[in-house]
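**Student:** Using only what follows, build the 3D model:
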Amino acid sequence: PIWKDGHHDEPKLLESAVWNSLMTAHELQLTSISLPAISSGIFGFPKQLCAKVLITTAMLFFYKYSDSSLKHIKIINFDEGTAGIFQEELKKATK
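**Tutor:** Numbering: from 1, shown residues only. As a prediction, this is how the structure comes out:
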């Protein structure tokens, strides 16, 4: 999703994009998937919110589909600053 102003269901759209990617991996019986920091670059999605949505959605997926063949979700990014934001959000989510 493209970030407009936060009042156009942007987080829900991002959640849906991530969920659909994970479900496709599950349906294809993949064991791992790599996801970039979707929409956090040129589409302007706030990086901290992006991290929270991606991590929360991934955790929810594992909770609902604990028997899935999908065992590893790699959230990737080439930008060190963005990667740091995701690492901090993951720490918060797993406390």
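
**Student:** Pull the number of nearby residues for Ser34.
**Tutor:** Ser34 is flanked by 11 other residues according to other Cβ atoms under 10 Å. For every residue, glycine as well, the C-beta is placed using N, CA and C.

**Student:** Do you know the pLDDT at it?
**Tutor:** What the model reports as pLDDT for Ser34 is 97.

**Student:** Just confirm it is within a strand.
**Tutor:** Yes. Checked against DSSP: H, G, I helix; E, B strand; the rest coil, Ser34 lies within a strand.

**Student:** List the contacts of the residue nearest the centre of the chain.
**Tutor:** By Cα atoms, centre = their mean, the chain has its centre lying nearest to Leu54, at 2.1 Å. By Cβ atoms under 8 Å, 6 or more residues apart in numbering, the residues touching Leu54 are Leu14, Val18, Leu35, Ala37, Ile38, Ile75, Phe86.

**Student:** wait, the fifth one sits on Ala17?
**Tutor:** Yes. Taking Cβ atoms under 8 Å as the definition, Ile38 is a contact partner of Ala17 at 5.9 Å.
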